[in-house]
Each structure stands twice: as structure tokens, then as C-alpha cells.
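**Q** take a look and give me a structure for this.
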Amino acid sequence: MKTNITRFGAALVAVGICIWSTHAFAQTTTTVTSSRGAFTEYVPGSQTVVVRSETGAAPLRYTVTKQTTVVDESGAPVAIERISPGSPLSIQYTGTGDQFVASRIIVQRPGGAAVTDQQTTTTTTRELTKEEKHALKEQREHPERAAKEAAEKQKDALKKEKDEDHNQ
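**A** Below is the predicted model:
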């Protein structure tokens, strides 16, 4: 009787581990869509960017979050409040229907009419491992330690390079 209870308990533990491991290594899929249009306005209170496209009758509204990056074509950051109306934009966003969340806005040089095209890419990501989560947490909580470690690595690399040059 005691053996059966032990086996049953071991089987429950094994099932629990299997369920946990499939959750820990689950993959998520995010679809990012790119669209082009002309900047119409930025609504600071609602964190919304309004863009006019040639194909749609109504302007499209994209939600801007803290994670949204706004850059020019060279990759330099741009303040969203400084974008002038009519400026051509390329927007990478997620969402469907009327709920679009911008992940990246690229302000392009003016030079033509607003062109609209869409391109969809699908990215499959994996959940971070325990070690990766710990490393990110440490980096956020102790930026000075991370900077010190990076400086030490750079110093070691320079020393190694100098030693190699000296040996030649």
C-alpha cells in the first residue's frame, strides 16, 4: 500500500514537472506590421500619433508607449513633438482593428507624396531562461556594477591587443 502511494506521488510530481517545463519553454509569436503615411498630429494626452495614408479614407491612430522608439532615417532619436505635419513616416506596429501600438516610428525626409505600403513579418521568441532574467535584473538594479564590468572587459581586451602587438 505504501509503495502504491509513493508511486502515485512520484507520478504526480512527474506530471507537474512536465506541465511546468512546457510553460517555461513556451514560444510566443508577435506579428509586426510596417506601414507608411504622412504625419498629421500627435495627441500628447492620449499618447496617440495620427497618420494619413493614401489607401484609407480615415486617418490611422497609433498608440505611443515608453517602449516606442522615434528616430530619423539615420537612426538618430527624434522628439515626437518636433515632427512637422505632412512629414512622411514609416511605422512598425502590432495590433489589429483600431488598436495599433507603435513599436518604432521612422521619420523620413520629405520628398514626395505620402506612400502607403504594408509589410508583415512574424517573429518567434522564446521565454528568457532563469539565468538571463537574473542577469537583466542585476543590470537594471546595479548599473554601476555593469558599467564597471564592461570597463574591465574593455581594459582586458586592450591589454590583450597590446600584448599581441608587442609579441609580433
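
**Q** for the helix ranked longest in the chain, packing partners?
**A** Determined from DSSP state H, the single longest helix within the chain is helix 143-167. For helix 143-167, the elements it packs on are helix 130-141, judged by 3 or more Cβ pairs under 8 Å, 6 or more residues apart in numbering; DSSP states H and E. For every residue, glycine as well, the C-beta is placed using N, CA and C.

**Q** okay, now the domains of the chain?
**A** Per automatic domain parsing, the structural domains of the chain span 29-125, 128-168.

**Q** buried residues of stretch 32-49, list them for me.
**A** 33, 35-40, 42, 49 (16 or more other Cβ atoms under 10 Å).

**Q** pick the one among these closest to residue 95.
**A** Distance ranking of the buried residues of stretch 32-49 against residue 95, using Cβ to Cβ, places residue 33 first at 8.3 Å.

**Q** quick one, strands of the chain?
**A** 27-43, 48-52, 60-72, 88-96, 99-107, 118-126 (DSSP state E).

**Q** pick the most deeply packed of these.
**A** Highest mean neighbour count among the strands of the chain (mean count of other Cβ atoms under 10 Å): strand 48-52, with a mean of 20.

**Q** compute the inter-axis angle for it and strand 99-107.
**A** 70 degrees (axes from the mean of the first three to the mean of the last three Cα atoms, to 10 degrees).

**Q** list the helices and strands strand 48-52 packs on?
**A** Using 3+ Cβ pairs under 8 Å, 6+ apart: strand 48-52 touches strand 27-43, strand 60-72, strand 88-96.

**Q** parallel or antiparallel, list what pairs with that strand.
**A** strand 27-43 (antiparallel), strand 60-72 (antiparallel) (DSSP bridges).

**Q** what about the last one, average pLDDT?
**A** Across strand 60-72, pLDDT averages out at 90.

**Q** much appreciated, bye for now.
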